[in-house]
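Visitor: Provided below are the primary sequence and the corresponding predicted coordinates.
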Amino acid sequence: MTTMNWHRDLFRIQSGKMSVLLFVRVAIAVGAPLFALVLMGHVPAAVAASATAMFVTMSDIGVTRRGRIGTMAAATLVILLGGYIGDEFGGTTGADEFFILASAFIAGWVSNSHPAIAAIARFGALATAAGAGMQVHDSKAAVAVLFGGFCAIGVAYAVWIIHDVPPDKDYIDWRVGVRRAFAGADAGVWFAVCYAGACAVSLLAADLIGLHSPYWATFAVIMVMRREGMVSFRLVSMYMLGTVAGVPAAALFAALTTGDPLGHAAFATFAAAFARLGFALNAALGYLAFTVFLIMVTELARGSAVPAWTLVLTRVYDVAVGCGLALIATLLASLGNRPPAAQPGTA
């Protein structure tokens, strides 16, 4: 297999039984820590645990059980590190921007090295931005992150007992992947600079472009700008459509909860479980569900069970600006790099 096609079929689901198992797996992995900690009154910790479980589950990449568990464990630790750095330096002028941009640059640099490494780096960048933007300052958050990762790994292993690990190709040997990551293989400085540069604009020029919450624009850049978008801008448009549409969809679900935090958590869990199936069906559906999950758990942490429509409208603008920056950065990156083969759906 060529190194340019390592992300082929990453989200393919091979049977109807697997679809059901994946839905149930994500629902339990995300919902168990979310509901447990909400019921215990630790809402910020519940958000940290459920988001970690979601990211770690999406980092389940590999061939053997040992390799996949190792990838998910590494993702848990990177998310913990990114969240800690973001939370610790988020209130310091200049420091939060530096660490977010550094994590984004690394994610861009390793984006075409190995599918697992690329996923871990991207979720680490998201965790850094989330830690800086949310400023939870909850002493239980670090334990919650580890708890969320443990839940994701434990549920994955239970599902593997029911339905064995499906045979798959080894995309790239881990040792080769690490060497490629250090070398920035098939990505290079220019793509990483464009990737981090789009994040920089969303953070450093927030007042100039009228952003209400620059971190949401940064989330959009991190998720929407992808290597495969340099080949097919139709893919980028699908990512953008799903991300922007996820904002009003989240507002609708939040309104249906009528202020009940448990109802809020239920919709967030459903969105998380559907996101994995959505990526297999259509990239836009996957991004829509993923965005709904992020917004639902974020508003739960803010203590806003039903976000006001004014907040929704401002968030739509922030996310749309982030998507626009991702598109512009993708266009610039395509001028300086030979793009990879276009494949949707990498983590």
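Guide: Structure's in. What do you need? Numbers count the residues shown, from 1 in each chain.

Visitor: mind listing what's buried along the helix or strand where Val78 lies?
Guide: Element membership for Val78 (DSSP states H and E) is helix 65-89. Residues of helix 65-89 classed as buried under the neighbour-count rule (16 or more other Cβ atoms under 10 Å) are 68-69, 71-76, 78-89. C-beta coordinates here come from the backbone N, C-alpha and C atoms, glycine included.

Visitor: now the element after it, going C-ward?
Guide: helix 95-109.

Visitor: what's near enough to touch the residue nearest the centre of the chain?
Guide: Centroid-nearest residue in the chain, with Cα atoms, centre = their mean: Phe123, separated by 5.2 Å. The contact partners of Phe123, by Cβ atoms under 8 Å, 6 or more residues apart in numbering, come to 55, 58-59, 75, 78-79, 82, 347.

Visitor: repeat for Ser111
Guide: Counted by Cβ under 8 Å, 6+ apart, Ser111 has contacts 118, 121-122, 187, 191-192, 195, 226-227.

Visitor: please, which helix or strand holds it?
Guide: Here Ser111 is assigned to no helix or strand, by DSSP H and E.

Visitor: one more: Ala255?
Guide: Short version, using DSSP H and E: Ala255 is in helix 233-256.

Visitor: check which helices and strands that helix sits against.
Guide: helix 214-224, helix 261-281, helix 283-301, helix 309-336 (3 or more Cβ pairs under 8 Å, 6 or more residues apart in numbering; DSSP states H and E).

Visitor: out of the ones you listed, indicate the one that is most buried.
Guide: helix 214-224 (a mean of 27; mean count of other Cβ atoms under 10 Å).

Visitor: count the residues that sit near Val26.
Guide: Counted with other Cβ atoms under 10 Å, residues neighbouring Val26 total 28.

Visitor: next one: Leu256
Guide: For Leu256, using other Cβ under 10 Å, the count is 13.

Visitor: one step back: buried sites along the helix holding Ala255?
Guide: 235-251, 253-254.

Visitor: report the angle between that helix and helix 309-336.
Guide: Inter-element angle recorded for helix 233-256 and helix 309-336: 160 degrees (by axes from the mean of the first three to the mean of the last three Cα atoms, to 10 degrees).

Visitor: contacts for stretch 319-336 next, please.
Guide: Contacts for stretch 319-336 (Cβ under 8 Å, 6+ apart): 188, 190-191, 194-195, 197-198, 201-202, 209-211, 216-221, 224-226, 229-230, 233, 236, 239-240, 243-244, 246-247, 291.

Visitor: quick check: pLDDT value at Asp87.
Guide: The model reports Asp87 with a pLDDT of 80.

Visitor: go on, Gly210?
Guide: 82.

Visitor: what of Ala185?
Guide: 65.

Visitor: kindly report the same for Val30.
Guide: Taking Val30 on its own, its pLDDT is 95.

Visitor: residues contacting it?
Guide: Contacts of Val30 (Cβ under 8 Å, 6+ apart): 50, 53-54, 57, 268-269, 272-273, 293.

Visitor: run through the residues that contact Ala74.
Guide: By Cβ under 8 Å, 6+ apart, the neighbours of Ala74 are 59, 116, 120.

Visitor: out of those residues, who's nearest Ser19?
Guide: Taking Cβ to Cβ as the measure, Ser19 lies nearest Ser59 of the contacts of Ala74, at 19.6 Å.

Visitor: next, that closest one: phi, psi?
Guide: phi -90, psi 10 (degrees, to the nearest 10).

Visitor: which among the contacts of Phe123 gets closest to Ala95?
Guide: Using Cβ to Cβ, the contacts of Phe123 come closest to Ala95 at Gly82, 14.1 Å.

Visitor: now that closest one: closest residue in space, sequence neighbours ignored.
Guide: Ala127 (3.5 Å; Cβ to Cβ, 6 or more residues apart in numbering).

Visitor: distance of that neighbour relative to Ala255?
Guide: Between Ala127 and Ala255 the distance is 28 Å, computed by Cβ to Cβ, to the nearest Å.

Visitor: now Ser202
Guide: 28 Å.

Visitor: ok, now Arg25?
Guide: 29 Å.

Visitor: I'd like the next helix or strand past the helix or strand of the chain with the lowest mean pLDDT.
Guide: One helix or strand of the chain scores below all others by mean pLDDT, DSSP states H and E: helix 174-183, with a mean of 67. Using DSSP H and E, the helix or strand that follows helix 174-183 in sequence is helix 188-204.

Visitor: kind regards, and thank you for your time.
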